[in-house]
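Asks: I would like to see how this sequence folds:
(one chain, ligands or ions: 1)
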Amino acid sequence: MGSFTKTIIASICVIFLAVKWTAPRFDEESLRGARVLVTGASKGIGEQLAYHYAHFGAQIVITARREQALQQVAEKCLSLGAQKALYITADMSSDSDPDKVVDFAVEKLGGLDYLVLNHIGSSLFSMWQGDVEHTKWLMQVNFFSYIQMAWRALPSLEQSKGSLVIVSSLLGKSTSPFTAPYCSTKSALNGFFGSLYHELAMKKSNVSLSLCTLGLIDTESAMEKVRGVTKLPAYPATDAALNIVMTGATRQLELYYPWYTYVMVVTKDWFPSVTNYFIQNSYNYIP
Ligand SMILES: NC(=O)c1ccc[n+]([C@@H]2O[C@H](COP(=O)([O-])OP(=O)(O)OC[C@H]3O[C@@H](n4cnc5c(N)ncnc54)[C@H](OP(=O)(O)O)[C@@H]3O)[C@@H](O)[C@H]2O)c1
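Replies: Okay, the predicted model is just below:
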């Protein structure tokens, strides 16, 4: 190995260690008794988020549409150590339910330390067929309800020096086929909350904002869509959820999980043709 290569490898190691060393440490005790609202918690990553907060002794309100599933998740949260585990059914395609959920959580928990926005409406994994109505509906569920809930919760989060955690996707930063409506909603989230982050910082707000960029995660709904269509590896939902919890608790602006999501975001600007080739060839598609 030449001395130039050795210097490059040594520099990368030093930078990696420096980043690790200076990264804020996660103190799980900080979550004991924390008042947390998690949306989309009846299954998938949201369910796993609820279990991690429960394990750390938080007080939790969970929400989604299916009551029976929420009840089961809430019971398991109590058995895992949650100080409180309450649920409220809500449909985020409605104009009023987003506010109703925040009001319920603030009232039942006596305030709010974490608002974790994670829910998504179901959408097809297929070529765009011109369904504008579906895209409008998905925008309401995946985007407008997020900004409505964030606005409603901000006064409570200000009081508690709380945190706003947004679960987004690599597809909000780098586009991909078969997901045009979903990509639009996630790009909108990144744009809106990226802008809100600056405003909160400029106002010297107490509230931290975390934007979580996830790659393919092994939830039932994601796997159903991509089975046989892509060879991309899916990462465990419980690990993704733990990383989201830690990112919120350490008040970091961004999470990239798994590691390759960061590489994809960087390379799409540096080497767009290579990235586009890779994206289009990572799916089994015969025209
Ligand atoms: N899984 C992945 O590969 C992946 C990759 C990147 C980013 N993400 C992000 O991670 C988050 C969670 O994804 P996931 O795979 O865990 O999703 P999921 O398993 O499909 O769960 C979605 C959750 O949202 C709820 N929900 C659906 N429609 C709703 C509505 N109209 N109103 C209120 N709640 C509704 C569902 O419960 P009900 O049916 O009971 O309402 C469920 O609890 C999303 O923000 C997603 O974009 C996931």
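Asks: which residues touch residue 150?
Replies: Residues near residue 150 by CB atoms under 8 Å, 6 or more residues apart in numbering: 115, 117, 164, 193, 196. For every residue, glycine as well, the C-beta is placed using N, CA and C.
Asks: at 6 Å instead, please
Replies: residue 164 (CB atoms under 6 Å, 6 or more residues apart in numbering).
Asks: Show me which positions of the helix or strand containing it end up buried.
Replies: Assigned by DSSP states H and E, residue 150 belongs to helix 145-160. Across helix 145-160, burial judged by 16 or more other CB atoms under 10 Å covers 145, 146, 147, 148, 149, 150, 152, 153, 154, 156, 157.
Asks: likewise stretch 159-171?
Replies: Within stretch 159-171, the residues that count as buried by 16+ other CB under 10 Å are 162, 163, 164, 165, 166, 167, 168, 169, 170, 171.
Asks: which of the residues you listed sit farthest apart?
Replies: 162 and 171 (27.6 Å; CB to CB).
Asks: picking that back up, show me what whichever helix or strand comes after the helix holding residue 150 is packed against.
Replies: Sequence order places strand 163-169 as the next helix or strand after helix 145-160, per DSSP H and E. If you count contacts as 3 or more CB pairs under 6 Å, 6 or more residues apart in numbering; DSSP states H and E, strand 163-169 packs onto strand 114-117, helix 180-202, strand 208-214.
Asks: contacting residues around strand 163-169?
Replies: So strand 163-169 is contacted by 114-118, 150, 186, 189-190, 193, 207-214, 248 (CB under 6 Å, 6+ apart).
Asks: For the ligand, tell me which of those show up nearby.
Replies: 118, 214 (CB under 6 Å from any ligand atom).
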